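1. 3D model of this:
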Amino acid sequence: MPGLLLLNGGDEFRELAAAAGRGPAYVLPTAAARQRPELAVATATRWFEDLGLPVQELPVLRRRDAQSVQLAERARAAGLFYLVGGDPGLVVRTLAASEVWKAIAGAWAGGAALAGSSAGAMALCSHTLVMARWPHHEVRRPAPALGLVPETVVVPHYERFGPRWTVDGAPGLVVLGIDERTAAVWDGSGWRAAGAGAVTVVREGRSRVFPAGSACEGIPPPVTLG
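-> The predicted structure follows:
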């Protein structure tokens, strides 16, 4: 049975720590590979340790790391994965169809907890949002991602980015806006909002806001990958 799946808007970890399965807990600094990944690992390590969960780095920074048989073997035995924030396109380019990603997806399907924060959450959906044209950071287009949540894109830090970002070329996709310190959580039976803010679901031009503690309607269930 798949484990907990948690999509973070930024900075919400308590739910994930409580759901860790048996086996090591890993932080993947992939999204921060160009932005001091060691700092992202240190920050996540402190946060999780404050919650009573020791974590260690799974050092996947480049494509050759993602194809490492040794790192994939470590991932297969894990009980928790946390993908840090940073560059949303880089996560997908590094992990897609790699040996490590296959191991992570398989471990999650077998009960490990899996979460992404900000860019990490974006990468776990069917599409991630990348810049449509330089230097307009606020104009985004969907690009194929890792595919656990079908027909969905995440806008993280939604209370800040939501009013500013525009998404080009995303007909048929569910836009999932997640506030900071907030998460959309799949627990095997449905999605719900957790944390300090709200989850906004935009589907077919209609927007609905779900406060923390409520069930989130309109988000497709995640799929296990073959």
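
2. helix, strand or coil for residue 104?
-> Following DSSP: H, G, I helix; E, B strand; the rest coil, residue 104 is assigned to helix.

3. what pairs with the residue nearest to residue 221 when sequence neighbours are not counted across the strands?
-> Take residue 221 and drop its neighbours on the chain: the residue closest to it by C-beta to C-beta, 6 or more residues apart in numbering is residue 186, 7.0 Å away. Every residue, glycine included, has its C-beta placed from N, CA and C. The partner list for residue 186 in beta bridges (DSSP bridges) reads residue 5, residue 191.

4. if I pick residue 45, what's in contact with it?
-> 27, 55, 56 (C-beta atoms under 8 Å, 6 or more residues apart in numbering).

5. Those into TSV, with extra columns for distance to residue 177 and secondary structure?
-> Shown next, in TSV, are the contacts of residue 45 (distance: C-beta to C-beta, whole Å; DSSP: H, G, I helix; E, B strand; the rest coil):
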residue	distance to residue 177	secondary structure
27	25	strand
55	28	coil
56	32	strand
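
6. between those, which has the most around it?
-> Within the contacts of residue 45, residue 27 tops the neighbour count with 25 neighbours, counted by other C-beta atoms under 10 Å.

7. my guess is that one contacts residue 43, does it?
-> No: counting by C-beta atoms under 8 Å, residue 27 sits too far from residue 43 to count as a contact (9.3 Å).

8. Tell me the confidence at the residue most central in space within the chain?
-> For the chain, residue 121 is the residue whose C-alpha lies nearest the centre (C-alpha atoms, centre = their mean; 2.0 Å). pLDDT, residue 121: 96.
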